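K.L.:
Mind looking at a prediction? Sequence and model below.
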Amino acid sequence: MYTWTSRLVLLMGLALSQPLVSMADVPLPKTVMLRAQDLTVQGAAGYCPDPATLKQTDGAVAVLLGRCNDQTSIAPAIITITFGRAGSAAAMAAGGAELAAFFATEAGRKSLSRRGRAADVSVTSARSVGDVFLFRVADRGEGTYWRGMTALKGRTVSVKVSGPDLDEATSRKLVEDTAKALRRANR
């Protein structure tokens, strides 16, 4: 469950450029199995899921990933992975152009807004790369970040990458690499 303590650990870890670790200083696992959903959460190389941040609501699942350890060669970042409900992957069938059009609408921007306000959000770039729809989001409440969407086991999967010192290219690559890692882990 995502509690104030796990949020505090996450923010402190990011601020200190340290890996996320549980309150008992146990290293993060390389993968987390979501047996009820038949899914495995795995991040890009050097990033691991934090089971303490796992949140499940009505068949949808969200989990945060951070650096697995304190390797300074790995950029400090928060990777948010959200799995939609079973059957939600149908939304991906329309393709990148339709997704870009949706996220340009008020409803689409509102769905991306941290504060739930469409006026706070603009999509500054959108493109399909293989089976991943990538888009750059500017949110007044959160800053600018890359997000990717893909389909996996009948579910829409969203991968969002943010961090204090991430440049645009590194952030985008982390989205793509995380999507690839998820695909490999769920074959």
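P.N.:
It's in.
K.L.:
show me the contacts for R155.
P.N.:
Q37, L39, F83, G84, R85, A86, G87, S88, A89 (CB atoms under 8 Å, 6 or more residues apart in numbering). For the C-beta atoms, the positions are set from N, CA and C on the backbone; glycine is no exception.
K.L.:
Which PyMOL command selects the buried ones in those residues?
P.N.:
This is how PyMOL selects the buried members of the contacts of R155, with burial counted by 16 or more other CB atoms under 10 Å:
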select buried, resi 37+39+83+84+88+89
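K.L.:
The contacts of R155 in strands, which ones?
P.N.:
L39, F83 (DSSP state E).
K.L.:
tell me the two of the contacts of R155 that are most distant?
P.N.:
L39 and G87 (14.0 Å; CB to CB).
K.L.:
Helices of this structure, start to end?
P.N.:
4-15, 96-104, 106-112, 168-185 (DSSP state H).
K.L.:
how much space between K55 and T72?
P.N.:
K55 sits 30 Å away from T72, going by CB to CB, to the nearest Å.
K.L.:
ugh, wrong one, I meant P164
P.N.:
P164 sits 14 Å away from T72, going by CB to CB.
K.L.:
When these two are compared, which one has more neighbours?
P.N.:
A direct count of neighbours by other CB atoms under 10 Å for P164 and T72 places P164 higher, at 12 against 8.
K.L.:
What does the more buried one show for phi and psi?
P.N.:
phi -70, psi -30 (degrees, to the nearest 10).
K.L.:
Return the distance of it relative to P51.
P.N.:
Counting by CB to CB, the gap from P164 to P51 is 24 Å.
K.L.:
Next: L65.
P.N.:
From L65 to P51 the distance is 11 Å (CB to CB).
K.L.:
And those two? Which one has more around it.
P.N.:
Per other CB under 10 Å, whichever of L65 and P51 has more neighbours is L65, with 28 against 15.
K.L.:
surely the more buried one meets Y47?
P.N.:
Yes. Contact criterion CB atoms under 8 Å: L65 and Y47 qualify, at 4.7 Å.
K.L.:
shared neighbours of the two, which are they?
P.N.:
Joint contacts of L65 and Y47 (CB under 8 Å, 6+ apart) are I79, T178.
K.L.:
quick one: low-confidence parts of the chain?
P.N.:
Where the chain drops to pLDDT under 70, the residues are 1-26, 71.
K.L.:
repeat that with 50
P.N.:
Within the chain, the stretches with pLDDT under 50 are 1-19, 21-24.
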